[in-house]
Structures are given as C-alpha cells and as structure tokens.
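A.B. asks: Only the shape, not the letters, is given here:
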C-alpha cells in the first residue's frame with residue numbers, strides 16, 4: 001500500500017496518474033465491521049479503479065478531528081470514562097489492517113489550523129481536483145468539515161452533480177444499535193472485549209493484542 005500525505009497530495013495528486021480512484025474518507029478507528037462494509041465498496045467497485053482511503057493521523061484525545069470528521073453516534077459517547085476518547089488502534093496497526101482489506105493508497109491528513117477551519121465542500125473540492133475520482137463511497141452517518149457542516153447527503157449531491165457515482169453505505173447493526181467506534185470504546189472500557197471483538201470482526205484474542213498501548217496500560 002502506498003502512503004502519501006496531504007501536502008504531497010496538493011502538490012502532486014495521488015500516485016496513480018493513469019488510473020481513476022475509488023475513494024472513501026473517514027477516521028476508521030478500530031476498522032470495525034461498519035468500516036469494512038464501506039471499504040468493500042471501494043475495493044470491489046471496479047477492478048480498474050485504485051481503492052483510496054483518506055484518513056487522519058490525529059489522536060481523538062486532541063479533539064481536532066472530532067470537530068472536522070466523525071461518525072454521529074451520540075448514544076455511545078456518554079460512556080467510556082477517561083478512555084472514551086482514546087484511539088482503539090495505533091495508527092500503524094490501522095494502516096496494516098487497511099492494506100490487508102485491499103486498500104492500495106492511503107492519503108493521511110495531519111491537522112493544521114487552516115485545515116481545521118476548512119468547510120466540508122471546500123475539502124471535497126480539493127479531493128476532486130487532485131484525486132482523479134471515479135467513484136466515491138461514504139457512510140450514511142458520516143460528517144466532515146469545520147463544525148461538521150457537510151453530511152453524506154451533501155457529499156452525494158456534490159459528486160453526483162459532477163457525474164461521479166456515489167454510494168451511501170448504510171450502518172451495520174449489532175443487536176439493536178449501529179456499530180461505531182464510540183460503542184467499541186465503551187465496551188473496551190467496560191472490559192467487554194468479546195463484544196468489541198464481535199463489532200470489529202476480529203479473530204479471537206486479536207482485540208487485546210491490537211489495542212493501542214494507552215488502553216492496555218489503563219486496563220491492566
């Protein structure tokens with residue numbers, strides 16, 4: 001998997017000059033089954049397209065990513081105690097999992113103050129200008145932009161008005177509630193690794209070994 005950053009992207013575009021991209025965007029913390037359903041769409045959409053994920057390096061504890069990009073699941077955000085905003089996986093482990101799921105290019109954004117204040121539509125304009133996009137997939141609960149001003153419906157309208165096909169991927173349910181990174185954090189904080197494993201689609205025992213060290217240190 002090729003990894004590039006935002007500034008390289010602005011300067012040179014994606015490292016796939018001869019191909020269209022099949023793109024999605026998100027934090028993808030935990031790379032849970034909902035994320036995996038979204039990733040399958042970009043990997044399987046067209047064999048000639050390059051699957052591209054746009055993601056963020058920042059830790060949830062900084063708060064900046066939460067103000068620009070998030071899945072909206074307020075029912076889970078009330079729980080989790082002091083660990084509720086910690087990343088589930090290290091960035092390195094997340095990268096490994098994304099590569100294993102067929103992602104070929106990872107565009108990593110490090111937050112700057114100017115980026116944090118970018119409107120969602122302006123963000124999409126930059127992706128369109130430099131991303132060689134042939135297909136775009138987005139989770140139905142996804143929002144991005146300064147103060148989360150742009151949701152899945154606006155994203156769909158933006159690309160379809162430019163004749164780029166878009167798929168809004170519905171949430172994946174576990175029981176009566178949608179799977180979310182916030183819900184997984186709550187389960188881990190409560191010591192319910194079996195529930196976290198089920199939502200992450202992980203092999204038995206994998207959740208503990210994959211957890212970011214900040215979680216392990218506080219749970220021991």
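C.D. replies: Yep, it's here. Predicted model only: the values in this text are computed from it and were never measured.
A.B. asks: tally of neighbours for residue 219?
C.D. replies: Residue 219 has 13 neighbours, counted by other Cβ atoms under 10 Å. (C-beta placed from N, C-alpha, C; glycine too.)
A.B. asks: Tell me if I'm right that it and residue 192 touch.
C.D. replies: No - look at residue 219 against residue 192 with Cβ atoms under 8 Å: they stay out of range, at 11.5 Å.
A.B. asks: And the pLDDT for the residue nearest to the spatial centre of the chain?
C.D. replies: Of all residues in the chain, the one closest to the mean position by Cα atoms, centre = their mean is residue 26, 2.5 Å from it. Looking at residue 26, its pLDDT is 95.
A.B. asks: What of residue 90?
C.D. replies: 88.
A.B. asks: Please name the nearest non-neighbouring residue to it.
C.D. replies: Distance criterion Cβ to Cβ, 6 or more residues apart in numbering; nearest residue to residue 90, sequence neighbours excluded, is residue 212 at 5.0 Å.
A.B. asks: who's in contact with residue 40?
C.D. replies: By Cβ atoms under 8 Å, 6 or more residues apart in numbering, the residues touching residue 40 are residue 101.
A.B. asks: hmm, back to that, any idea how far the residue nearest to the centre of the chain is from residue 48?
C.D. replies: 24 Å (Cβ to Cβ, to the nearest Å).
A.B. asks: now the chain, which segments are flagged as low pLDDT?
C.D. replies: 59-67, 70-85, 214, 217-218, 220 (pLDDT under 70).
A.B. asks: redo that, cut-off 50
C.D. replies: 60-62, 73-82 (pLDDT under 50).
A.B. asks: could you pull out the helices for it?
C.D. replies: Taking DSSP state H as the criterion, the chain contains helices spanning 6-12, 33-44, 74-77, 91-100, 113-116, 120-131, 152-160, 181-189, 193-200, 206-210, 213-219.
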